[in-house]
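Enquirer: Here is a sequence together with a model predicted from it:
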Amino acid sequence: MPAHDPSRWMHAHRRNPSAINYRGITIVLAKVNEIADGDIAFRHYKKGRFDRESATQPTRSFLSAALSTSKMLRSRVVLAGAFVTLLVGYVHSTPSCHLRERPLDHLYVCTGFTSPSDFEELIQRPLFYPNTTFVLRNSTLDHLPEGAFARLSVRDLELRNVQLTSFAGHDTAPFSGLETSLKKISFTEDSSLPESWGVLKNLRNLTALGLARMTRLNLTRDFENLPSNVRTIAVVSSTIESVDPNWLSNMDKLGAVVLRSSNFGQVNRAMFPTTAPNMWRIDLFATGLTSIPTGFNEGMPSLKYLDLGDNNITTIDEASAAALFDIGLTKLTLFDNPLHCDCSLSFIVNHPDPPVRGNCVTPTSLKHRGLTTLTTEELCGNA
């Protein structure tokens, strides 16, 4: 059983879909956006530092005073405002890094990198804070240099809107130095992906890979080149161009697969590991399903949570559900599906401890009623 209750994550995700938490594994998707550019502990630039707060207040005071003067000065104010706008825009686009200490970890964010040399010139090293999350965002580079994140003791790494001509270029080890510290890596907002996942093979403690807000993803059997210790794979809020039928079939050490808010459409058992003794959670929330996939009772004896929420499922096949009940499934989530509740679902209410969670949409007399709150008479009386 997982150390954390996944139902608590489920409620948290509905409030804030930018964070995902599975067995204490938090895949950073967009949370770093909460840090405003003006709320920065420090910035590093190639030439000295720029304190935006100290520059902004005098600028505002100047503009306020100018606006209260004669009409003749207004044109100067407009010009001054334009100049300030250009200046702030220039500073914002300048490659920079900043560090922020949070209650449980440290967040290091670098923005606007344009050259592999920026890694050496702008990143503060060594940086051996425990539990460091490193985010590289809004950058366009030829490649990631060898040892790009070395001597940083990074636990979580996110590449957000990072465009690369070639992922590693002539260098072959962009993640050298993270072999023992890195546990999670995320690629978000259409960041360039490695030519092969084998580039991560030396990350001995990597346990989670996340892909979020990506377009035209090709999910191939190259995922098998990930380090063997990877336990969680998440594809969230992305568009899928192609999926190999057996893209995860040989990854028998996986414990959680999250295919969430993405256009998979059809999901079948063959996509998952043939034998997955440790698979405890599968999340297929908002993937366009019209029925409960079959076969998840085979080769997954530890499966406890199956989330099929926000799909197009109208009924629950008794044989498919019974097979899941037989392996000890703890929760089958079907919220936000157009469920039609009738006598065919009576097997659920007759089960001594049904793991199904969901609400009726039709008929009108049962709308919003929870499946497990109904009686056989109510279901069959509305057949």
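Expert: That came in fine, so what should we check first?
Enquirer: where exactly do the helices run in this structure?
Expert: Counting by DSSP state H, the chain has helices at residues 6-15, 52-67, 74-93, 117-122, 318-326, 346-349, 376-380.
Enquirer: the strands in the stretch 51-200 of the chain, which residues?
Expert: Listed in chain order, the strands of the stretch 51-200 of the chain (DSSP state E, counting those that start in this stretch) span 96-101, 106-111, 132-141, 154-164, 184-188.
Enquirer: tell me the most buried of these?
Expert: strand 184-188 (a mean of 24; mean count of other CB atoms under 10 Å). Bear in mind the C-beta positions are built from the backbone N, C-alpha and C, glycine included.
Enquirer: which strands and helices sit next to that one?
Expert: In terms of contacts (3 or more CB pairs under 8 Å, 6 or more residues apart in numbering; DSSP states H and E), strand 184-188 is packed against strand 25-28, strand 154-164, strand 208-212.
Enquirer: Reformat those as TSV; add distance to Ser237 and mean pLDDT.
Expert: Formatted as TSV, the helices and strands packed on strand 184-188 follow (distance: least, CB to CB, whole Å; pLDDT from 0 to 100):
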stretch	distance to Ser237	mean pLDDT
strand 25-28	12	36
strand 154-164	13	97
strand 208-212	6	98
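Enquirer: What average pLDDT does stretch 359-379 get?
Expert: Averaging pLDDT along stretch 359-379 gives 95.
Enquirer: Just the terminal-to-terminal distance for it.
Expert: 13 Å (CA to CA, to the nearest Å).
Enquirer: Just the buried residues of it, please?
Expert: For stretch 359-379, the neighbour count (16 or more other CB atoms under 10 Å) marks Asn359, Cys360, Val361, Leu366, Arg369, Leu371, Leu374, Glu378, Leu379 as buried.
Enquirer: May I ask which two of those residues are separated the most?
Expert: Val361 and Glu378 (15.0 Å; CB to CB).
Enquirer: Which residue ranges make up the domains of the protein?
Expert: 6-44+98-380, 52-89 (automatic domain parsing).
Enquirer: quick one on the thing from earlier: a markdown table for the strands of the stretch 51-200 of the chain, including distance to Ser344?
Expert: Shown next, in a markdown table, are these (distance: least, CB to CB, whole Å):
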| stretch | distance to Ser344 |
| --- | --- |
| strand 96-101 | 54 |
| strand 106-111 | 51 |
| strand 132-141 | 48 |
| strand 154-164 | 45 |
| strand 184-188 | 41 |
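Enquirer: Find the nearest non-adjacent residue to Asp252, please.
Expert: Pro273 (4.8 Å; CB to CB, 6 or more residues apart in numbering).
Enquirer: Could you tell me how far the one you found is located from Ser261?
Expert: Pro273 sits at a distance of 22 Å from Ser261 (criterion: CB to CB, to the nearest Å).
Enquirer: give me the low-pLDDT residue ranges for the stretch 101-250 of the chain?
Expert: Under the criterion pLDDT under 70, the flagged ranges of the stretch 101-250 of the chain are 169-171.
Enquirer: Output the below-cut-off pLDDT ranges for the stretch 251-383 of the chain.
Expert: Ranges of the stretch 251-383 of the chain meeting pLDDT under 70: 382-383.
Enquirer: all strands of it, in order?
Expert: Listed in chain order, the strands found in the stretch 251-383 of the chain under DSSP E, counting those that start in this stretch are 256-260, 281-283, 305-307, 331-333, 356-357.
Enquirer: so which of those gets nearest Pro174?
Expert: Counting by CB to CB, and looking across all of the strands of the stretch 251-383 of the chain, nearest comes strand 256-260 at 25.3 Å.
Enquirer: from the middle of its chain, how far away would the closest one be?
Expert: 10 Å (CA atoms, centre = their mean, to the nearest Å).
Enquirer: for stretch 284-296, same thing?
Expert: With CA atoms, centre = their mean, you get 20 Å for stretch 284-296.
Enquirer: And it, what's buried?
Expert: Neighbour-count burial for stretch 284-296, counted by 16+ other CB under 10 Å, picks out Leu284, Phe285, Ala286, Thr287, Leu289, Ile292, Pro293, Phe296.
Enquirer: Test my guess that Glu241 contacts Leu217.
Expert: Yes. With contact defined as CB atoms under 8 Å, Glu241 and Leu217 form a contacting pair (6.2 Å).
Enquirer: okay, the two: which has more neighbours?
Expert: More crowded of Glu241 and Leu217, by other CB atoms under 10 Å: Leu217, with 19 against 11.
Enquirer: on that earlier part again, adding distance to Asn131, write the buried residues of stretch 284-296 out as JSON lines.
Expert: Formatted as JSON lines, these follow (distance: CB to CB, whole Å):
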{"residue": "Leu284", "distance to Asn131": "31"}
{"residue": "Phe285", "distance to Asn131": "28"}
{"residue": "Ala286", "distance to Asn131": "31"}
{"residue": "Thr287", "distance to Asn131": "32"}
{"residue": "Leu289", "distance to Asn131": "36"}
{"residue": "Ile292", "distance to Asn131": "39"}
{"residue": "Pro293", "distance to Asn131": "37"}
{"residue": "Phe296", "distance to Asn131": "34"}
